[in-house]
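> sequence and predicted structure are below.
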Amino acid sequence: MPSSYTPNYQLNQWAAGDQVLREDFNADNEKVDAAIRAVDQKAASKAEQTALEALQTAVAGKAEQTALAALQSTVSGLSASKADQSGLDALEQTVADLSASTAAALAKKGNLRVETGSYLGTGTAGSQTPTSLTFAARPLLVVVAGEDANLMLLSGQTASGQSSFVWGSYACFFTWEGGTVSWYDTHGMRNVQMNEQGRTYRYLALFQTE
């Protein structure tokens, strides 16, 4: 048994004459695991809230420049929970490369509608088993968020949707058919395709209103 404990998490500390038991190590591991999990959940929640608030600003009737600025603000907000700046740089570049036709549509209408939701990963990946989302209408933009990555799909493009991770970025290929967008990773990587088994993914879709 330890003769003392750490002040913050009550982890075991042994003196030279203390008996060391396996149960004490197991108890310490459980406390450390719980503390790390709590930090991960707090970071993920902050990133999702920041993204939602930035995109909701666009709904207030802003045109081309305001919409782009709000999306770029979303990327900047995510930096607080990302360790690798290269992943964020790739995501910012995707926002900067919005097609001229989509930008013109935003400037013409100005009013946007946001739809959010989630899906549970099935553990499949590759061109034969793409991941897809179906909406009542075709969205202008779809952003999918996981615990350690984000995927951005822009209407009108058919390749190079960016999956940005804390350690780097990867490209997904995607197709649009009516209100359904489907995407896949050519190497069959489930995490890049945002479809790991049993993992919950949240999405945000941006629609143009009449």
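Now that the structure is in, tell me what you want to look at.
> show me what the residue nearest to residue 145 when sequence neighbours are not counted is bridged to.
Computed as C-beta to C-beta, 6 or more residues apart in numbering, the closest residue to residue 145 that is not its neighbour in sequence is residue 202, at 5.0 Å. For every residue, glycine as well, the C-beta is placed using N, CA and C. On the basis of DSSP bridges, residue 202 is bridged to residue 118, residue 145.
> list the contacts for residue 202?
Counting by C-beta atoms under 8 Å, 6 or more residues apart in numbering, residue 202 makes contact with 48, 116, 117, 118, 144, 145.
> following the lowest-mean-pLDDT helix or strand in the chain, which helix or strand comes up?
Counting by mean pLDDT, DSSP states H and E, the weakest-scoring helix or strand in the chain turns out to be strand 161-165, with a mean of 49. Counting by DSSP states H and E, the next helix or strand C-terminal to strand 161-165 is strand 168-177.
> send me stretch 178-195 as CSV with only the CA atoms.
Output in CSV follows, covering the C-alpha atoms of stretch 178-195 (Å, rounded to 0.1, in the frame of the first residue of the first chain):
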residue,chain,number,x,y,z
GLY,A,178,-29.9,15.1,-56.4
GLY,A,179,-29.9,15.7,-52.7
THR,A,180,-27.5,12.8,-52.0
VAL,A,181,-23.7,13.3,-51.7
SER,A,182,-21.4,10.2,-51.5
TRP,A,183,-17.7,10.1,-50.8
TYR,A,184,-14.9,7.5,-50.5
ASP,A,185,-11.2,7.2,-49.8
THR,A,186,-9.3,5.4,-52.6
HIS,A,187,-7.0,3.6,-50.1
GLY,A,188,-9.9,2.2,-48.1
MET,A,189,-9.0,4.2,-44.9
ARG,A,190,-12.1,4.3,-42.7
ASN,A,191,-10.9,7.2,-40.7
VAL,A,192,-10.2,9.3,-43.8
GLN,A,193,-13.7,8.4,-45.1
MET,A,194,-15.2,9.4,-41.8
ASN,A,195,-16.8,6.0,-41.3
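> perfect, I'm done here.
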